[in-house]
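# please work out how this folds:
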Amino acid sequence: MKKTLQIVAAVVALGFAGTAFAKDVTLTGEGKCAKCALKKADKCQNVVEVKDGDKTTTYYLKGAASDKFHKEICGETKKVEVVGEVSEADGKKWLTVSSIKAK
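Model prediction:
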């Protein structure tokens, strides 16, 4: 019984460690406004579209760095490099932006 509890505790600890040390990813793609360029939102929202062969993945951007950058891509699509943490919610991929810059 004691051995089983130790194994369970180790598995739980590893699970928490995996989420605590989530890694930032760097994505390069087309920065756009989801409302103005894509017509997929009711209000302005930054997105980056990343192409991998024939497949295009849209990441919705959030966070202060993304908000500050919005004027750069609202009305004009630009190639951007975005660094942040990816998550999924509401059937969409989200990126909490730590940095964003035009390429």
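# which strand or helix spans Glu76?
Glu76 belongs to no helix or strand when assigned by DSSP states H and E.
# residues in contact with the closest residue to Ser87 other than its chain neighbours?
Computed as C-beta to C-beta, 6 or more residues apart in numbering, the closest residue to Ser87 that is not its neighbour in sequence is Trp94, at 5.0 Å. Yep, even glycine has a C-beta here, placed from its N, CA and C like the rest. For Trp94, the contacting residues are 59-62, 86-88, by C-beta atoms under 8 Å, 6 or more residues apart in numbering.
# wait, which of those residues is closest to Ala41?
Among the contacts of Trp94, Tyr60 lies closest to Ala41 (C-beta to C-beta), at 8.5 Å.
# assess the claim that that closest one and Lys93 are in contact.
Yes. The criterion here is C-beta atoms under 8 Å, and Tyr60 meets it with Lys93 at 6.9 Å.
# ok, back up a step: farthest-separated two in the contacts of Trp94?
Between any two of the contacts of Trp94 (C-beta to C-beta), the greatest distance is 14.0 Å, for Leu61 and Glu88.
# neighbour count for these two, which is higher?
For Leu61 versus Glu88, neighbours defined as other C-beta atoms under 10 Å are more numerous around Leu61 (25 against 8).
# quick check: that one touching Gly84?
Yes. Counting by C-beta under 8 Å, Leu61 does reach Gly84; the two are 7.5 Å apart.
# which residues are in contact with both of these two?
Shared contacts of Leu61 and Gly84 (C-beta under 8 Å, 6+ apart): 95, 97.
# distance check, Lys92 against Lys103.
Per C-beta to C-beta, to the nearest Å, Lys92 is found 24 Å from Lys103.
# so between those two, which is more surrounded?
Set Lys92 next to Lys103 and count neighbours by other C-beta under 10 Å: Lys92 wins out with 13 against 9.
# verify the contact between that one and Lys62 for me.
No. Counting by C-beta under 8 Å, Lys92 stays clear of Lys62, with 10.7 Å between them.
# grab the nearest non-local neighbour of Glu85.
Thr96 (4.8 Å).
# that neighbour: what's it in contact with?
With C-beta under 8 Å, 6+ apart, Thr96 has these contacts: 62-63, 84-85, 87.
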